[in-house]
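In: coords please:
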Amino acid sequence: MTRVFAVLSHIRDTTFSYELSERIALASDIDVTVVSYYDSSPAEAALAADTNVGLIPLGADSRADPGAIRRLRRVLTTGEYDLLHTHHNFVGSLARLLTPRGKAIVDTEHANHKEHYSLPQVLVNLPTLPRADRIVANSEQTLRSLYSAERLLTRDRLDVIYNGIDVDRIDRAIATPDNPYEIAGTRLTCVGRFSETKNQSLLLRAFASIATNDDDIRLTLVGDGPLRSDLEALARSLGIRDAVEFTGFIDRDAVYQLLAATDLYVQPSLSEGFCMAVVEAMACRVPVMVSEIDVFHEVVGDAGVFANPRRPEAFAGQLYDLLEDTDRATALADRAFERARTRFPLEKTATEYRRLYRDLADGHPKP
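Out: Numbers count the residues shown, from 1 in each chain. Below is the predicted model:
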């Protein structure tokens, strides 16, 4: 039995690293315990009642919470485990620092380092990266985004394992005969935190040029974040507030139902590490239009349409053309459906991590 401690910042309904831990733990020879830095109980951690992973909540109220750091050190120095898996930047670095020598360590990097992390964040992560036996990036683009110092200190220990989507859960969610999100007109959807990086402001500007000539079209923005009030104000100033729906956070099954009732999924991000939302839309057989950035060429491939994420007029033109060409949209949706379900199923991701865990737990030396 390989015993694993997966150290996370927190657990929420959309926390992929927790979902991955649950799927990995389905193997009979792997036991996974999640150590959550900020959560103080299973209820706060949004832990499923029937979960197959253990939970150790540390209840931190800040990054530098001395009590939580002491509890993490105690867990890592006295706990019974063979392998540590770190995910999130500060907490991951802290866990690698506190883990005793001789424990196998896997680290997963989830974001584009040059676009997502500030210099202080890189400097927090960098000193402990060499302690990991394997550094896994969730895409080739994430791997390429590592700074030269990060690559130099971890060379020959780098790998790529793509994130994965829970196809069975998606299918269960969208199997409902009466989808509450169905509308008579056309729906465009975008899912993500309301932030500069996700670039919803460009999408609103592009949508405005279409909506002013079409009363039967709606844009649904799913999520929340620091820019929500700014985006709502922008929609009002563009004269499209009545055509834009801000849902706030909704649960995962509801997101899948919404995607199944969507005519076109749009992701105008300036940077991504992988982007689960795009792949989930693809798995719901929705045509996707995405930013002209490297990671989307890697993930979406020839199953989507690309547009300049810094030019609203170009984005609007691509949106209009795809909405008008229904045959093309249908063909893209079919291609996206096949690509998402064959290349990025969660079980494939879990299988690759299980293989890595077993190799390291068996005492294989660093490559």
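In: Name the residues of the lowest-mean-pLDDT helix or strand in the chain that are buried.
Out: Sorting the helices and strands of the chain by mean pLDDT, DSSP states H and E puts helix 119-125 at the bottom, at a mean of 87. For helix 119-125, burial by neighbour count (16 or more other CB atoms under 10 Å) applies to Val122, Val124, Asn125. For every residue, glycine as well, the C-beta is placed using N, CA and C.
In: thought the first one was touching Ser148?
Out: Read that as Val122. No. When contacts are counted by CB atoms under 8 Å, Val122 is not listed as touching Ser148 (11.3 Å).
In: one step back: can you name the next helix or strand after the least confident helix or strand of the chain?
Out: With elements assigned by DSSP states H and E, the helix or strand that comes after helix 119-125 is strand 134-137.
In: That next one: partners in the sheet, and parallel or antiparallel?
Out: Using DSSP bridges, the strands paired with strand 134-137 are strand 104-109 (parallel), strand 158-160 (parallel).
In: Need the contact partners of it.
Out: Residues from elsewhere that reach strand 134-137 (CB atoms under 8 Å, 6 or more residues apart in numbering): 105-109, 129, 143, 146, 154, 157-161, 273, 353, 356, 360.
In: ok, back up a step: His88: which of the buried residues of helix 119-125 is nearest?
Out: Asn125 (9.8 Å; CB to CB).
In: Ala95 is in contact with the closest one, correct?
Out: No. Asn125 lies out of contact with Ala95 (CB under 8 Å); the separation is 11.7 Å.
In: Phe337: how many residues sit nearby?
Out: If you count neighbours by other CB atoms under 10 Å, Phe337 ends up with 18.
In: How about Glu338?
Out: Glu338: 14 neighbours (other CB under 10 Å).
In: Which of the helices or strands spans it?
Out: helix 326-343.
In: got the buried residues for that helix?
Out: Buried residues in helix 326-343, defined by neighbour count with 16+ other CB under 10 Å: Ala329, Leu332, Ala333, Arg335, Ala336, Phe337, Arg339, Ala340, Arg341.
In: picking that back up, export the buried residues of helix 119-125 as TSV, with columns for distance to Ala277.
Out: Shown next, in TSV, are these (distance: CB to CB, whole Å):
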residue	distance to Ala277
Val122	26
Val124	27
Asn125	25
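In: From these, pick the one nearest Ser201.
Out: Top of the list for closeness to Ser201, among the buried residues of helix 119-125 and by CB to CB, is Val122 at 26.9 Å.
In: ok, that closest one - contacts?
Out: Counted by CB under 8 Å, 6+ apart, Val122 has contacts His113, Tyr147, Glu150.
In: now those residues in JSON lines, with secondary structure and neighbour count?
Out: Output for the contacts of Val122, formatted as JSON lines (DSSP: H, G, I helix; E, B strand; the rest coil; neighbours: other CB atoms under 10 Å):
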{"residue": "His113", "secondary structure": "helix", "neighbour count": "20"}
{"residue": "Tyr147", "secondary structure": "coil", "neighbour count": "15"}
{"residue": "Glu150", "secondary structure": "helix", "neighbour count": "19"}
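In: Out of the residues you listed, flag the one nearest to Asp242.
Out: Nearest member of those to Asp242, counting by CB to CB, is His113, at 40.3 Å.
In: Skipping its backbone neighbours, what lies nearest the closest one in space?
Out: Counting by CB to CB, 6 or more residues apart in numbering, His113 lies nearest to Ser145, which is 4.5 Å off, once chain neighbours are set aside.
In: what does Ala48 give?
Out: For Ala48, ignoring the flanking residues on the chain, the nearest one in space by CB to CB, 6+ apart is Glu22 at 7.7 Å.
In: The one you found contacts Asn52, correct?
Out: Yes. Assessed by CB under 8 Å, Glu22 is found in contact with Asn52 at 6.1 Å.
In: what kind of secondary structure is the residue of the chain most remote from its centre in?
Out: Of all residues in the chain, Asn213 has its C-alpha farthest from the mean position, at 34.5 Å, by CA atoms, centre = their mean. With DSSP: H, G, I helix; E, B strand; the rest coil as the basis, the three-state label of Asn213 is coil.
In: how near is it to Asp302?
Out: Distance check for Asn213 against Asp302: by CB to CB, to the nearest Å, it reads 30 Å.
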